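> let me see the structure of the following:
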Amino acid sequence: QVQLVESGGGLVQPGGSLRLSCAASGSFFSIFAMGWYRQAPGKQRELVARTTSGGSRNYLDSVKGRFTISRDNAKNTVYLQMNSLKPEDTAVYYCNADIATNRGEIPYDYWGQGTQVTVSS
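Numbering: from 1, shown residues only. Next up, the predicted model:
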């Protein structure tokens, strides 16, 4: 059974930084794309950042220059370094990964349980 376990959320003042981590565990063949989404109260879930197995990255326009996504393939872990945080970054952040459990299978979309990020003075 594949699980994504997130950590690193919390309360931070505007202008501060947080680093989110998400580790994939369980039995699987390969991890393809990994990313972070967020959902603020009353809003739809949106893609924040995503990285492919080949290393390409894309970001939500409003976080470009402030957030950096990275991954450690040896640890099956993806990170989101968030700098210069703003109140509008407040949301529940969800880890997402496309994972094939066996060779030749189409990757399945897995989600973490979510971690709260609150930016407030």
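
> rest of the way, CA atoms for contacts and neighbours
Will do.

> how about residue 72, what does it touch?
residue 78 (C-alpha atoms under 8 Å, 6 or more residues apart in numbering).

> no no, residue 19
8, 9, 79, 80, 81, 82.

> ok, residue 50 - contacts?
33, 34, 35, 36, 57, 58, 59, 69.

> chain neighbours aside, what residue packs nearest to the last one?
If you skip the residues right next to it in sequence, residue 69 has residue 80 as its closest partner in space, 4.6 Å away by C-alpha to C-alpha, 6 or more residues apart in numbering.

> in stretch 32-41, what's buried?
33, 34, 35, 36, 37, 38, 39, 40 (16 or more other C-alpha atoms under 10 Å).

> what distance do you get for the last one to residue 71?
In this structure, residue 40 and residue 71 are 25 Å apart, going by C-alpha to C-alpha, to the nearest Å.

> for residue 42, helix, strand, or coil?
coil (DSSP: H, G, I helix; E, B strand; the rest coil).
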